[in-house]
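**Q** Next comes the sequence, and after it the predicted model I'd like to discuss.
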Amino acid sequence: MTTDFETMTTEIDGTAGWRIETHTRLSRIFAVLSLGVIAVLAAAPLLVSRGVVQDLFFILTMLTLAQSWNLLAGYAGLISVGQQLFVGCGAYALFGFVILAGVDPIVAIPLAGLFAMLVAIPTTFFAFRLYGPYFAIGTWVIAEVGRLLLAQWKALGGGTGTSLPREATREMFGISTIEDWLGMRSSAAADALAYWLALVLAAATIGFVYKLLRSKQGLGLAAIRDNETAARALGVDARRLKTLIYLLTAFVTGIVGALIYLQKGRISPDAAFSLTDWTAYVIFIVVIGGIGTIEGPILGVLVFFVLQNVFSSYGSWYLLALGALAIVTMLFAPSGLWGLISHRTGWELFPVRRRLRGGAIRQDEKGGPNG
Amino acid sequence: MNWFDTLLQGILLGGLYALFAAGLSLVFGIMRLVNLAHGDLIVLAAFLILLIVSSLGLDPFLAALLAAPLMFGLGWLMQYHLLNRTLGKDVLPPLLVTFGLSIVIQNGLLEAFTADSRRISVGALETASVQMGGINVGLMPLVTFGSAVFVIVALNYLIYRTALGRAFRATSDDVITASLMGIRPNSIFAIATGLAMMVVTIAALYLGIRANFDPTAGPARLIYAFEAVIIGGLGSLWGTLAGGVILGIAQTVGAAINPEWQILAGHIAFLLVLLFRPRGLFPRALD
Amino acid sequence: MASLIETCGLTAFYGDFQAIFGVDIRLDAGETIAVIGANGAGKSTLMRSIAGVIANRPEMILHHGEPVGALGAPDIVRRGIALVPEGRKLFPSLTVEENLQIGNYGRREAGPWTLESIYSLFPILKERRRNPATALSGGQQQMVAIGRALMSNPEILLCDELSLGLAPVVIKDIYAAFSRIRASGAALIIVEQDIAQALKVADRIYCMMEGRITLTGRPAELDRADIHAAYFGAETHELV
């Protein structure tokens, strides 16, 4: 006996004509503009003084750290105050590879990132047993363990630290090319090289974060952030996604740590694992700029840089004011500066919301556009 | 190494850590809030005691008695006007606001008191010792441990045998229904934090007597408090004492092997408990 | 003389969702009124508005003629209006006796209701006084919830869905206690899905549907068919 099921055709017109878009007109303009900005930034070592290049280096590295922390805390809901673990591990890995194994510093940088990521793996076993504020403090404790352990490593200076040998930086991969092409001395060339790497890293990180958020995984992340239980019920593997994000940000943070300390040339456990420099400032940048957006950290790092330059001579008063500003922002403007701007203007430079466009709306007596 | 002596030192040290942790435990139990500035508040209280001692010439114990109600007031104001605004479903605001508070307090103390290391002096009492079963036990560590036990007994009495304690437990269960009983949650939270600050004052007194402290000593105290709470298990004050003792013993044993390993040993004990008993050793709360 | 409670054009929202559209009810001294209606009719919202859990405009709820609509729950309790919440909402961390004791935390008023008199009203509770409150059966928990509200010696008792989830024989026991509660002088507003029970115990009835009052009157005056229509809506389709 046949029923009509086999011969029944679906009255839904399929997905003819419909598509999902994320771009807005403003974002397309911004995309073009940002290419121009990157080109100008790339030319910076040729255009401005070494001091300015170092400032830009600082901005770019803090921006990368901020984007990573934002991805971790603002999107994956993993509010870590222990990212300094990866800065320190990446930095020490670089020093270890260069001083103990004679590896070229430039080659050591990605290796340092990998090392940081490897450190992150056992970390997740501990940290993921905790939630909310306890997760936060747990990450802090683990960072402290990292600091204390590395302070025992006498070969790299123990508690007082050590410096990178001059020859290592002078003969880095690419240095001689820069010296010849641009007629710089080796220290300026080293700064330029580090700067370009930072620029590439910052751009790549932002690009990656943006791509991630527009992907299926990004949708899953947003769902987790809104309501983890509901997201899980829909099949989003929250644990796996969060672990992935944690490992990825550890990798990026490790690379940043290696890069920063390559440029500094000198390391110590207290500096490389500093809560203030690698967590407090980063959190400040993200919160003031606007957590949970890509635009926020960009704005935040610029504000921070200005504040740092103008006021840091005031020492503790400056830090006190930063802390107070973070408190006030969190209470009265939780979406940060960018939140204030985009609420007023509706601008989105890195839009991630999906809009349904195109397609014809059909109405028939069955009700609804598609039957 | 004298094992018995090391063990005893660790137990007594645990008393101090339990005092650090008790306030944290109380506040988290009632309003699920972890104040990242907790350690800095201990240091603030220590400086307050020092201030009272130096300006009024009082004995430190009396100074602490005077400082306690002041800290209660500070805690009440902090909770009522600042931290109450952060309570809600979102985890981020309380974390970030208390983190910011931590930085504000540390730097405020730096400006007011400079980065110099301080100590609360009690003269001969600092080195006095008592004979117990053939060994010399420091008097102050003994008094510290005894105070920790006293505080926990007192807090448990408050929570389980008074109307206020009932209000604490009811509010922690269900804020809306608690308000139907006439309880004002904002006030209850503020009172809880005020009480926690009084415990913090006691902890600060013994901290200052035992060791040097400076404005940046807060974060380390927060970590010890936190580790004691996690090792002991959430929801139980006696568990917190046990957690403190275990942490103390881990540290003294580590220090006996190599003085540089004291703090690391504590962290490792914490991580081991986390790995094998994530809910702590004596959990009570139905979190 | 002003009514005990009067609502004037009461509206209530959950965010953007409007649950009540201009409801007028009245409670006079010594009365027992019942609010009946299907799920989602707005009955609980009405109770929670009066109890102060939901914020409304001040003039929408009058207590002895005074505008109290914007007051919060702690203030409403202090005025002598106590709610037995839907779903009991006992405190799991407290024993039976402690749950009762917390009932007069906000309002300590001399009156007929004390621990002893509540134990005499519901003797089973005395036996179980040291048990954690949530370890009791549904009916016993309901008794605790009522006793807890009575501890504040309220002038007005609001009972939200007492019979929800309870066996008929248990419901009978609970309502049997009502005569003593009324005798003590309290006025009651009860919310019920069980129409028969409501008709038996109330002096006046209000019926709600989709956030509005569709019928009001004394039980004796009301026709079964009218109640049916007001409860379910005028147009009920026949099922084929």
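**A** Received the coordinates, thanks.
**Q** Strands of chain A, start to end?
**A** Along chain A, the segments classed as strands by DSSP state E run A:18-21, A:162-163, A:266-267, A:355-358.
**Q** One more: chain B?
**A** Listed in chain order, the strands of chain B (DSSP E) span residues B:129-132, B:135-138.
**Q** Need the CA coordinates for the first one. CSV is fine.
**A** The C-alpha coordinates for strand B:129-132 follow below in CSV (Å, rounded to 0.1, in the frame of the first residue of the first chain):
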residue,chain,number,x,y,z
SER,B,129,56.7,30.6,74.4
VAL,B,130,54.9,28.0,76.3
GLN,B,131,55.9,24.5,77.3
MET,B,132,53.6,21.9,75.8
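**Q** other SSEs contacting it?
**A** Using 3 or more CB pairs under 8 Å, 6 or more residues apart in numbering or on different chains; DSSP states H and E as the contact definition, the elements that strand B:129-132 packs against are strand B:135-138, helix B:139-161. Glycine gets a C-beta too; all of them are placed from N, C-alpha and C.
**Q** could I get the ones you listed as JSON lines with mean pLDDT and distance to chain C?
**A** Formatted as JSON lines, the entries for the helices and strands packed on strand B:129-132 read as follows, by pLDDT from 0 to 100; distance: least, CB to the nearest CB, whole Å:
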{"stretch": "strand B:135-138", "mean pLDDT": "86", "distance to chain C": "38"}
{"stretch": "helix B:139-161", "mean pLDDT": "96", "distance to chain C": "9"}
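**Q** Enumerate the residues of chain A near chain B.
**A** For chain A, the residues in contact with chain B (CB under 8 Å from any CB of the partner chain) are A:73, A:77, A:79, A:81, A:125-126, A:129-130, A:132-134, A:136-138, A:140-142, A:144-145, A:148-149, A:152, A:275, A:280, A:283, A:287, A:291, A:315-317, A:319-320, A:322-324, A:326-327, A:330-331, A:334.
**Q** how close does the nearest residue to B:G146 once chain neighbours are set aside get to chain A?
**A** If you skip the residues right next to it in sequence, B:G146 has B:G15 as its closest partner in space, 7.5 Å away by CB to CB, 6 or more residues apart in numbering or on different chains. B:G15 sits 21 Å away from chain A when distances are taken as CB to the nearest CB, to the nearest Å.
**Q** Just give the number of residues close to B:G15.
**A** Using other CB atoms under 10 Å in any protein chain shown as the criterion, B:G15 is surrounded by 25 other residues.
**Q** Name all residues that make contact with it.
**A** Under the criterion of CB atoms under 8 Å, 6 or more residues apart in numbering or on different chains, the contact list for B:G15 reads B:141, B:144-149, B:241, B:244-245, B:248.
**Q** run the last query once more with 10 Å
**A** With CB atoms under 10 Å, 6 or more residues apart in numbering or on different chains as the criterion, the residues that contact B:G15 are B:141-149, B:151-152, B:203, B:206, B:241, B:244-245, B:248.
**Q** confidence score at it?
**A** If you check B:G15, the pLDDT there is 96.
**Q** how much space is there between it and B:V151?
**A** Relative to B:V151, B:G15 is positioned 10 Å away (CB to CB, to the nearest Å).
**Q** any residues in contact with both of the two?
**A** Taking CB under 10 Å, 6+ apart as the contact criterion, the common neighbours of B:G15 and B:V151 are B:203, B:241.
**Q** can you tell me which helix or strand C:A12 belongs to?
**A** Using DSSP states H and E, the secondary-structure element containing C:A12 is strand C:10-14.
**Q** May I ask you to confirm that B:P60 is in contact with B:G208?
**A** Yes. The pair B:P60 and B:G208 qualifies as a contact (CB atoms under 10 Å) at a distance of 7.6 Å.
**Q** So these two - more neighbours on which side?
**A** With other CB under 10 Å as the criterion, B:P60 and B:G208 differ in neighbour count, and B:G208 comes out ahead with 26 against 21.
**Q** what's around the nearest residue to that one once chain neighbours are set aside, how many residues?
**A** Spatial nearest neighbour of B:G208, chain neighbours left out: B:I120 (3.3 Å); criterion: CB to CB, 6+ apart. The number of residues packed near B:I120 is 24, by other CB under 10 Å.
**Q** likewise C:A225?
**A** Neighbour count of C:A225, defined by other CB under 10 Å: 8.
**Q** Now do the contacts for it.
**A** Taking CB under 10 Å, 6+ apart as the contact definition, C:A225 lies against nothing.
**Q** Quick check, central residue of chain C?
**A** C:C159 (2.0 Å; CA atoms, centre = their mean).
**Q** Now that we're looking at the residue of chain B most remote from its centre, what pLDDT does it have?
**A** Here chain B reaches farthest from its C-alpha mean at B:L180, the gap being 32.3 Å by CA atoms, centre = their mean. Per-residue confidence at B:L180 stands at 96 (pLDDT).
**Q** I figured it hits C:E86, correct?
**A** No. Taking CB under 10 Å as the contact criterion, B:L180 and C:E86 are not neighbours in contact, 11.6 Å apart.
**Q** joint contacts of these two?
**A** Once CB under 10 Å, 6+ apart is applied, the residues that B:L180 and C:E86 both contact turn out to be C:R48.
**Q** re earlier: need the strands of chain B in TSV with mean neighbour count, can you?
**A** Putting these into TSV (neighbours: other CB atoms under 10 Å in any protein chain shown) gives the following:
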stretch	mean neighbour count
strand B:129-132	11
strand B:135-138	14
